[in-house]
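A.B. asks: Pasting the sequence and the predicted model now:
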Protein chains: 2
Amino acid sequence: MDIPADIRTPLDDLRHRVPKLTEAAIDYGLLAQRTGFSVKLVWILGYGLLMRAIGDDGITPQRFSMLELIGCNPGLQQIQLGNALGLSRSAATLSIDFWEDRGCVQRRADKADRRSFGIYLTEHGEAELARLRALVLEADTALTGALTEAETAELRRLLGKIHL
Amino acid sequence: MDIPADIRTPLDDLRHRVPKLTEAAIDYGLLAQRTGFSVKLVWILGYGLLMRAIGDDGITPQRFSMLELIGCNPGLQQIQLGNALGLSRSAATLSIDFWEDRGCVQRRADKADRRSFGIYLTEHGEAELARLRALVLEADTALTGALTEAETAELRRLLGKIHL
DNA sequence: TATTGTTATACTCTATAACTATA
DNA sequence: TATAGTTATAGAGTATAACAATA
């Protein structure tokens, strides 16, 4: 499975969004020493990489996360999906609306509690999720392209120690 | 110099914004394996930590970055400041307006080119920047509180390898 | 009364484009 | 013509609050 050329060397085209802290012309002072600032720069790169890999402005990383969550947890309530991604009820509604409009998810009435729905992928949604997963994996691999596998594993371990 | 109590144990109060990927109830699927997703979660934590440490909704991490940049590079043009932070001209204007309204920065006419200004800190701005730097450093230290110093250094090295 | 979902609304941040004044 | 800065405007994404239906 070849990685498309525009994903293989991806970061260089996105660097205009991200300051080079070592450039002589500008002194970044404290920013250059802040872990949080480095995290932000890498987040910007990862976001841009993912957007480009997906190639559809409507499908943001956040919306992909929603679709992935639905695929892995069929039947969840909207409020549970929202909580799992740190979204308000209304933001979850809108995110699910987006995928419903694209024919990827279905709201099924919950017979036990008629206030709520169970959210499920449609067949088309399954296919779309499979397609996107491949792109997302490639973009994520590209993000750590400058690192060895051992370094990538260590990076993930350290990030996980912070947020887990 | 003691770290305030609400910064010393900071992450726990912010976790509601950040899913625990290992929780049994929900399967995060691909998301749990994505470096980019972990980066995002850590970014959310760092952002929240910094906002809380600063304790002034107007002063965002982005605006702090602008002030720090002005402090470290007095006399830069607005457009240069914007470029250094990945901002458009209009966004840079607004960010500098914010600090000017607070009496922290000054636009000084450039005698050689009357279209542009040199941006400088005021005395009050110097003091404000010094005050904020201490808070920012504490918040950044708190972000990596779960890591040893060696681990924090390694995390920074790995992040730098990606964005530098 | 409390909860699920929807809708209306407002807010923040951003970029683009039009505009002014210089160059 | 091009550039620095400002302003007007629009877009995306979010949250809060009011609302309807149901518990």
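C.D. replies: Sure thing, it's come through.

A.B. asks: pLDDT score assigned to the nearest residue in space to residue A:75 that is not next to it in sequence?
C.D. replies: Leaving out its chain neighbours, the residue that sits closest to residue A:75 by Cβ to Cβ, 6 or more residues apart in numbering or on different chains is residue A:118, at 4.0 Å. C-beta here means a position set from N, CA and C on the backbone, and glycine is covered the same way. With respect to pLDDT, residue A:118 scores 97.

A.B. asks: Now do the strands in chain A.
C.D. replies: For chain A, the strands defined by DSSP state E cover A:105-109, A:117-121.

A.B. asks: Name the stretch among those strands that sits most buried.
C.D. replies: Mean neighbours per residue, mean count of other Cβ atoms under 10 Å in any protein chain shown, is largest over those for strand A:117-121, with a mean of 19.

A.B. asks: quick check, that one touching DNA strand C?
C.D. replies: Yes. Strand A:117-121 reaches DNA strand C (Cβ under 7 Å from any atom of the strand) through residue A:117.

A.B. asks: Against which helices or strands is that strand packed?
C.D. replies: Contact here means 3 or more Cβ pairs under 8 Å, 6 or more residues apart in numbering or on different chains; DSSP states H and E; on that basis strand A:117-121 packs against helix A:61-72, helix A:78-85, strand A:105-109.

A.B. asks: TSV for those, including distance to chain B and mean pLDDT?
C.D. replies: Shown next, in TSV, are those (distance: least, Cβ to the nearest Cβ, whole Å; pLDDT from 0 to 100):
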stretch	distance to chain B	mean pLDDT
helix A:61-72	4	98
helix A:78-85	5	96
strand A:105-109	15	97
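
A.B. asks: Turn these into CSV, including distance to DNA strand D.
C.D. replies: Shown next, in CSV, are the helices and strands packed on strand A:117-121 (distance: least, Cβ to the nearest atom of the strand, whole Å):
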stretch, distance to DNA strand D
helix A:61-72, 5
helix A:78-85, 8
strand A:105-109, 9
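
A.B. asks: Can you tell me which of these is packed in deepest?
C.D. replies: Mean neighbours per residue, mean count of other Cβ under 10 Å, is largest over those for helix A:61-72, with a mean of 22.

A.B. asks: Also compute the angle for that helix relative to strand A:117-121, please.
C.D. replies: Computed with axes from the mean of the first three to the mean of the last three Cα atoms, to 10 degrees, the direction of helix A:61-72 lies at 100 degrees from that of strand A:117-121.

A.B. asks: Helix A:61-72: how far from the chain's middle?
C.D. replies: Chain-centre distance of helix A:61-72: 8 Å, with Cα atoms, centre = their mean, to the nearest Å.

A.B. asks: which residues touch the residue nearest the centre of chain A?
C.D. replies: Centroid-nearest residue in chain A, with Cα atoms, centre = their mean: residue A:61, separated by 3.3 Å. Residue A:61 makes contact with A:47, A:50, A:51, B:36, B:40 under the criterion Cβ atoms under 8 Å, 6 or more residues apart in numbering or on different chains.

A.B. asks: at 10 Å instead, please
C.D. replies: Residues near residue A:61 by Cβ atoms under 10 Å, 6 or more residues apart in numbering or on different chains: A:43, A:46-47, A:49-51, A:54, A:136, A:139, B:31, B:34, B:36-37, B:40.

A.B. asks: got the residues of chain A near DNA strand C?
C.D. replies: Contact residues (Cβ under 7 Å from any atom of the strand) of chain A with DNA strand C: A:77-79, A:89-90, A:93-94, A:96-97, A:107, A:113, A:115-117.

A.B. asks: Between all of those residues, which two are separated the most?
C.D. replies: A:94 and A:113 (21.9 Å; Cβ to Cβ).

A.B. asks: re the thing from before, to residue B:129, which of the helices and strands packed on strand A:117-121 lies closest?
C.D. replies: Using Cβ to Cβ, those put helix A:61-72 closest to residue B:129, at 33.4 Å.

A.B. asks: got the CA coordinates for the closest one in CSV?
C.D. replies: In CSV, the C-alpha atoms belonging to helix A:61-72 read as follows (Å, rounded to 0.1, in the frame of the first residue of the first chain):
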residue,chain,number,x,y,z
PRO,A,61,-10.9,15.8,12.5
GLN,A,62,-13.5,16.4,15.1
ARG,A,63,-16.3,15.1,12.9
PHE,A,64,-14.2,12.1,12.0
SER,A,65,-13.8,11.4,15.7
MET,A,66,-17.6,11.4,16.0
LEU,A,67,-18.0,9.0,13.1
GLU,A,68,-15.3,6.7,14.5
LEU,A,69,-16.9,6.7,17.9
ILE,A,70,-20.3,5.8,16.5
GLY,A,71,-18.7,3.0,14.5
CYS,A,72,-17.0,1.6,17.6
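
A.B. asks: and the angle for it with strand A:105-109?
C.D. replies: Using the same axes, to 10 degrees: helix A:61-72 against strand A:105-109 is 50 degrees.

A.B. asks: quick one, helix A:61-72 and helix A:78-85 angle?
C.D. replies: If you take the same axes, to 10 degrees, helix A:61-72 sits at 120 degrees to helix A:78-85.
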